[in-house]
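In: sequence and predicted structure below; questions after.
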Amino acid sequence: MTDAPDNAVRTARELARRTGVEHHDVLVILGTGLAGAAERLGATGPSIPLATLPFFPRYTATGHHAQGWSVPIGAKMVLVFAGRCHAYEGLELEEVVHPLRTGIAAGCSTVILTAAVGAIRPDLATGSVLAVTDHLNLTARSPLQGPQFVDMVDAYSPALRALALSTTGVAPLATGTYAQVPGPQFETPAEVRMLAALGADVVGMSMAFETIAARHAGAEVLGLAVVTNEAAGAIADISEASAGAVPTVAEIIRHVVVSLP
């Protein structure tokens, strides 16, 4: 695994000091409205105020909280972040992926990314969870700079996805391709038709940047997308729609973590 940028290493050292845990195995980043999954994963007691860590960006989007926990799950130590920041918040991409890089600098070789998405494929119902098989980065941007050529074939680990799909006690997961658009505006009907023609099944405003940075660092990625609305359809409270999927998302994450070798 390549070294994380110096700022992430310094943040990870401070995180280790505050948690008393020198090495973590898995990083979980919770998307819009999914912060409740932290408690179901075993997060108890005061959270780590992530905004007070050195170099950490501010989280300003609704449904995202700059809180973190160090949680033992099975034989693994898991870092759980109750939200993320986005490029549309006026941040540089280096800032957007800094939390991800911090988790990797803390030792995490497995990354589980969750996100709220709009459904492009008509069979995806609100509240359903999709295991991401691939992505379309339609932002024309990358968190990498310079000649850092990263193989993005199987960017979303088939082995981790197989573990997610084997979770019992939850509704069967869909699989499909995630499209990242810049946002913050939602997509027009014409844009949704374009995304469908390109092969996208769901659309969101995060995840692809983090996946690129994670693969560059050598980490394995599982992407879980929670459908909160029909793309270009009626937009309800996204956080509220996500919250209904919290038990399912938490159960999938727990199953994957305890199944890791």
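Out: Perfect, thanks for sending it.
In: every contact and neighbour count from this point should use C-alpha atoms.
Out: Noted.
In: quick one: the helices in the stretch 101-250 of the chain?
Out: Applying DSSP state H, counting those that start in this stretch to the stretch 101-250 of the chain gives helices spanning 158-165, 189-198, 208-216, 238-243, 246-259.
In: which of the ones you listed sits closest to G183?
Out: Ranking the helices of the stretch 101-250 of the chain by their distance to G183 (criterion: CA to CA) puts helix 189-198 first, at 12.2 Å.
In: in TSV: the helices of the stretch 101-250 of the chain, plus mean pLDDT and mean neighbour count.
Out: Below are the helices of the stretch 101-250 of the chain laid out as TSV (pLDDT from 0 to 100; neighbours: other CA atoms under 10 Å):
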stretch	mean pLDDT	mean neighbour count
helix 158-165	98	18
helix 189-198	97	14
helix 208-216	98	23
helix 238-243	78	20
helix 246-259	98	20
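In: show me where pLDDT drops low in the stretch 1-150 of the chain?
Out: Scanning the stretch 1-150 of the chain for pLDDT under 70 picks out 1-4.
In: can you pull out the strands in it?
Out: Counting by DSSP state E, counting those that start in this stretch, the stretch 1-150 of the chain has strands at residues 26-29, 48-49, 67-73, 76-81, 110-119, 129-137.
In: who wins for proximity to A232 among these?
Out: Nearest to A232, of all the strands of the stretch 1-150 of the chain, is strand 110-119, at 8.0 Å by CA to CA.
In: tell me the centre residue of the protein?
Out: Geometric centre of the chain, nearest residue: L113, 2.3 Å, by CA atoms, centre = their mean.
In: next up, the contacts around it.
Out: Neighbour list for L113: V28, I29, L30, G31, M207, V221, L222, G223, L224 [criterion: CA atoms under 8 Å, 6 or more residues apart in numbering].
In: that one and M207, how far apart?
Out: Distance of L113 to M207, given as CA to CA, to the nearest Å: 7 Å.
In: overlap in contacts, these two.
Out: By the contact definition CA under 8 Å, 6+ apart, L113 and M207 are jointly contacted by G223.
In: one step back: can you redo the strands of the stretch 1-150 of the chain as TSV with distance to E89?
Out: Listed next are the strands of the stretch 1-150 of the chain as TSV, based on distance: least, CA to CA, whole Å:
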stretch	distance to E89
strand 26-29	17
strand 48-49	19
strand 67-73	18
strand 76-81	18
strand 110-119	16
strand 129-137	18
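In: which among the ones you listed is found nearest to P172?
Out: Nearest to P172 among these is strand 129-137 (8.5 Å), distances taken as CA to CA.
In: contact partners of that closest one?
Out: Under the contact criterion CA under 8 Å, 6+ apart, strand 129-137 has outside partners 154-156, 158, 161, 164-165, 173-181, 200, 208-209, 222-227, 245, 249.
In: can you select the buried ones from the residues you listed in ChimeraX?
Out: Selection of buried members from the contacts of strand 129-137 for ChimeraX, criterion 16 or more other CA atoms under 10 Å:
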select :155,156,161,164,165,173,174,175,176,177,178,179,180,181,200,208,209,222,223,224,225,226,227,245,249
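In: mind checking which of the contacts of strand 129-137 are in strands?
Out: In strands, defined here by DSSP state E, the members of the contacts of strand 129-137 are 174-180, 222-227.
In: hmm, which two among those residues are most spread apart?
Out: Most distant of those, by CA to CA, are A174 and Q180, 18.2 Å apart.
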